[in-house]
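# Here is my input, please return the structure:
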Amino acid sequence: MALLGRWLVAQVGRAGLAAWAIASLVFLFSRLDTQKPIDLLLQEPDNLRNTMLNPEASAAQRQAVAQRLGLTEPLFYVTRTQQAGVISWQWHGSHNQYHHWLAGLVHGRLGNSFRDGQPIGPRWWAALAYTLPLTGLATLGAIAGALFLGMVLAGGSQAAGPTGWRAGLHLLLTGLQGLPLFALALGLLFAFANPDMLNILPAYADSAVADELWGQQALRLVLPTLALVLAVLPELTLLLANALHHELRTDYATTARAKGLTNKQLLRRHALPNALLPLLTAFAGLLPALVAGAVVVETIFALPGT
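Purely as a prediction, here's the structure:
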């Protein structure tokens, strides 16, 4: 348990560092061209009309917009300047855009929109109200499905591999593993939300989704959740089945059989606990893909999270 706890802490720490690094890079790259957000704002109908009527006001407008967006300060703690061919570095302390953004992020402020200047935090949380349940349900479904199917595949363990219907299940999972997420989502739409096919589940969300009953909202999450589950389930299941097959060929498994344990008892009591660590490691690697895949299925199924 201590080893598993350290592993979980290490994984969470790495994920946190990766998230901070990615967010920082996105912020810095989005601020490299400070003129683009200013141009976008000035191209809005009201601002564009004022600029055309009074061209001399354009420079003043650009300066006012830059100050409102906080683009007049240095981008980072250190900037490089070049004068007369001499390169020098200047330290700005906390008076820079990145520091203000990072301090706001620590306090839960995600910044303001370039377009209207309003905080983006409420919009972000409103989107997560749909994305988090979708991702959470898919996570639970993928783990539960991988445990069940992995045990099923390992239940008929043979030296030459799975046989009979287990071989068919193994082949099906291998085929699903090669399909991209959008193909899985569109296939589910065609099969279960097509008037010419089964048509037993709703396909898209509508503008009144927030006013629907809980049961109706849950029905709209069935196909998106199933698409996400099928995107990661084959890899997790096949990995767990291979790990269980390996455990069943070890010396302690042979000893347990000699003591009278059935194959099912051996799987549950001994093989499964030892095979869980590779499963957790694989799932930690697939979790970012699961979160990113939520954006894909939200777009395909017209969910409000995107």
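
# At which residues are the strands of the stretch 201-306 of the chain located?
Ranges of strands in the stretch 201-306 of the chain, per DSSP state E, counting those that start in this stretch: none exist.

# residue ranges with poor pLDDT in the stretch 51-200 of the chain?
51-57, 114-117, 156-161 (pLDDT under 70).

# tell me the pLDDT at Thr262?
Per-residue confidence (pLDDT) for Thr262: 84.

# Now do the residue of the chain most remote from its centre against His92, distance only.
Most distant from the centre of the chain: Ala84, at 48.2 Å, with distances by CA atoms, centre = their mean. Distance, Ala84 to His92, using CB to CB, to the nearest Å: 22 Å. All C-beta atoms are positioned from the backbone trio N, CA, C, and that covers glycine.

# Please apply the same query to Gln265.
66 Å.

# more crowded one of those two?
Applying other CB atoms under 10 Å to Gln265 and His92 shows that His92 carries more neighbours, namely 16 against 13.

# do you know how far the more buried one is from Thr79?
Counting by CB to CB - His92 and Thr79 are separated by 7 Å.

# same thing with Ala258?
Taken as CB to CB, the span from Ala258 to Thr79 is 72 Å.

# Of the two, which one has the most company?
Shown here are Ala258 and Thr79; by other CB under 10 Å, Thr79 has more neighbours (13 against 8).

# what are the bridge partners for the more buried one, then?
Per DSSP bridges, residues listed as beta-bridge partners of Thr79: Gln90.

# Could you double-check that it lies in contact with His95?
No: checked against CB atoms under 8 Å, the pair Thr79 and His95 is beyond contact range at 11.3 Å.

# Would you map the helices across the chain?
2-30, 35-42, 45-53, 57-69, 97-106, 121-155, 165-177, 181-192, 214-220, 222-248, 251-258, 263-266, 272-300 (DSSP state H).

# Redo those as TSV? Include distance to Leu75.
Below are the helices of the chain laid out as TSV (distance: least, CB to CB, whole Å):
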stretch	distance to Leu75
helix 2-30	7
helix 35-42	13
helix 45-53	25
helix 57-69	13
helix 97-106	5
helix 121-155	22
helix 165-177	43
helix 181-192	36
helix 214-220	43
helix 222-248	37
helix 251-258	59
helix 263-266	61
helix 272-300	27
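
# Check those helices for me and report the most buried one.
helix 222-248 (a mean of 22; mean count of other CB atoms under 10 Å).

# gap between the spatially closest residue to Leu223 that is not a sequence neighbour and Thr139?
Spatial nearest neighbour of Leu223, chain neighbours left out: Leu188 (5.0 Å); criterion: CB to CB, 6 or more residues apart in numbering. Distance, Leu188 to Thr139, using CB to CB: 18 Å.

# who touches stretch 253-268?
151, 154-155, 157, 244, 247-248, 269-271 (CB atoms under 8 Å, 6 or more residues apart in numbering).

# Mind doing that once more with 10 Å?
150-151, 154-157, 244, 246-248, 250, 252, 269-272, 274-275 (CB atoms under 10 Å, 6 or more residues apart in numbering).

# do stretch 133-145 as well
128, 217-218, 221-222, 224-237, 240, 279-280, 283, 286-287, 290-291, 293-294, 297-298, 301, 303, 305.

# Go again with 7 Å.
With CB atoms under 7 Å, 6 or more residues apart in numbering as the test, stretch 133-145 has contacts from 221, 224-225, 228-229, 232-233, 236, 283, 290-291, 294, 305.

# and which of those residues is nearest to Val12?
For these, the residue nearest Val12 by CB to CB is Phe283; the value is 13.3 Å.

# list the contacts for the closest residue to the closest one other than its chain neighbours?
Here the nearest residue to Phe283 in space, its sequence neighbours aside, is Leu236; by CB to CB, 6+ apart that works out to 6.3 Å. Residues in contact with Leu236 (CB under 7 Å, 6+ apart) are 142, 146, 279, 282-283.

# go on, Val232?
142, 286, 290.

# okay, those residues in JSON lines with distance to Ala59 next?
What follows is those, written out as JSON lines (distance: CB to CB, whole Å):
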{"residue": "Ala142", "distance to Ala59": "56"}
{"residue": "Leu286", "distance to Ala59": "51"}
{"residue": "Leu290", "distance to Ala59": "48"}
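
# Sweet, I'm off.
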